[in-house]
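1. sequence and predicted structure, then a few things I'm wondering about:
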Amino acid sequence: MKKLVVLGSTGSIGQQTLDIARAFPDEFRVVGLAAGTNVELLQAQIQEFQPEMVYCASGRQLQLPVGARWVSMEEMTTRDDVDLVMAATIGTAGLLPTFRALECGKPVALANKEVIVMAGELLKASEKRYGGTILPVDSEPSAIWQCMQGEPSALKRIIITASGGPFRTTDVADLESVTPEQALKHPTWQMGRKITVDSATLTNKAFEVIESHWLFDLPFEKIEVVVHPQSVVHSMIELEDNSIKAQMGPPDMRLPIQYSMFHPDRMPNDLIPRLDIASPYNLTFQPLEPERYPCFSLALEAGKRGGTYPAALSAADEIAVGLFLDRKIGYLDIGRVLEWVLDKHDVSFEAGLEELVAVDQWARTKAHEAAKTLAK
């Protein structure tokens, strides 16, 4: 039985991870739960799973089981008997716990793409040095990972699919007036608020390109993005003989979550929906329109420039999306905030973990300054 820690247990990925744990009670024992501010749901999870370790960013007002204790996320992920860490937090919160788990040689199922965006080089170095393992959970990197199984030859290229979000066919001139409610109506996926907005701007897709660059050790020029509105083909790989393999399934995160938790095995689970290919299906692929998704180009360029640019990007995006959801800036202002922060960033190409954390804090402050400047 694997002893499991879930960081971000009250978020979308965290809740679905616990769905998998419920489905396999003889395979997983939840020993640690960490969450942010959703104390009501966290309390219900504590009562159900009876973890031995709990972390809550909003305080310690919850009732713990007998013998359980409050711990930091770093302590939670480094306990000797923990077998698997699900890193499903949002933004920078999972950075240090992920590093500490890898330094202890543990497998980390990584759903928090911001962590690898801001610190991909350091994460991969830590993985190699200490023997920990990064298991991709994000649906597109997971699809690539699944397609690579059993393929000894080098990849020719990776093709990452994007739904195009809710504004794929919206007149570009109308994007200035997009509301949070409209941005949160993703046509195919049900996700958390921040990632849903990132999927509308396609910042999320640029993050996946950066993530795949580090996970699969491929240069950026071998990673392409195409728009696939049906969200059935989650990503593809092209091999040396020009054959293409695709991983397909309904837009549901429980399959990539479960795959990471059981890898290299596959397990039957009725919770995971089937793709009924006996029904009529139209699968279409279209080129990405850069003018419709300015955040994509900005974010991808930051990833290619490297150094501390991706860390500044990730932090600025988290603040900008939050300000948009709070109606303090407009939809297209998200990209303007990113551009403003990146233009003012004094990049370092030799940053360690502490400097990345400092850059993260700097970018958050600058993102707020950018929003005030735009409001004038």
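-> Alright, I've got the coordinates.
2. for the stretch 251-376 of the chain, which spans come out with low pLDDT?
-> Counting by pLDDT under 70, the stretch 251-376 of the chain shows low-confidence ranges at 376.
3. where along it do the strands fall?
-> In the stretch 251-376 of the chain, the strands defined using DSSP state E, counting those that start in this stretch lie at 286-287.
4. and the pLDDT for the most centrally placed residue in the chain?
-> Centroid-nearest residue in the chain: residue 113, 3.2 Å away (criterion: Cα atoms, centre = their mean). Residue 113 is assigned 90 on the pLDDT scale.
5. surely it touches residue 209?
-> No: Residue 113 is beyond contact range of residue 209, at 10.5 Å (criterion: Cβ atoms under 8 Å). Just so you know, the C-beta spots here come from the backbone N, C-alpha and C atoms, and that holds for glycine as well.
6. what about the nearest residue to residue 296 once chain neighbours are set aside, how many neighbours?
-> Counting by Cβ to Cβ, 6 or more residues apart in numbering, residue 296 lies nearest to residue 202, which is 3.9 Å off, once chain neighbours are set aside. Per other Cβ atoms under 10 Å, the neighbour tally for residue 202 reads 29.
7. give the contact list for residue 202.
-> 162, 164, 165, 288, 293, 295, 296 (Cβ atoms under 8 Å, 6 or more residues apart in numbering).
8. export the lengthiest helix in the chain as CSV, just CAs?
-> Longest helix of the chain, by residue count under DSSP state H: helix 353-375. C-alpha atoms of helix 353-375 as CSV (Å, rounded to 0.1, in the frame of the first residue of the first chain):
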residue,chain,number,x,y,z
LEU,A,353,16.2,28.3,-5.5
GLU,A,354,16.4,31.3,-3.1
GLU,A,355,16.8,33.8,-6.0
LEU,A,356,13.8,32.2,-7.8
VAL,A,357,11.7,32.8,-4.8
ALA,A,358,12.9,36.4,-4.6
VAL,A,359,12.1,36.9,-8.3
ASP,A,360,8.6,35.5,-7.7
GLN,A,361,8.0,38.0,-4.9
TRP,A,362,9.4,40.9,-7.1
ALA,A,363,7.2,40.0,-10.0
ARG,A,364,4.1,39.9,-7.8
THR,A,365,4.8,43.4,-6.6
LYS,A,366,5.5,44.6,-10.1
ALA,A,367,2.3,43.0,-11.4
HIS,A,368,0.3,45.1,-8.9
GLU,A,369,2.2,48.2,-10.0
ALA,A,370,1.5,47.4,-13.6
ALA,A,371,-2.2,47.1,-12.9
LYS,A,372,-2.3,50.5,-11.2
THR,A,373,-0.4,52.0,-14.2
LEU,A,374,-3.0,50.5,-16.6
ALA,A,375,-5.8,51.9,-14.5
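9. that helix: which residues count as buried?
-> Buried residues in helix 353-375, counting neighbours by 16 or more other Cβ atoms under 10 Å, are found at 356-357, 359-360, 362-364, 366-368, 370-371, 374.
10. with distance to residue 69 added, can I get the residues you listed in TSV?
-> TSV is the format used below for these (distance: Cβ to Cβ, whole Å):
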residue	distance to residue 69
356	30
357	26
359	33
360	29
362	34
363	34
364	31
366	38
367	36
368	36
370	41
371	40
374	45
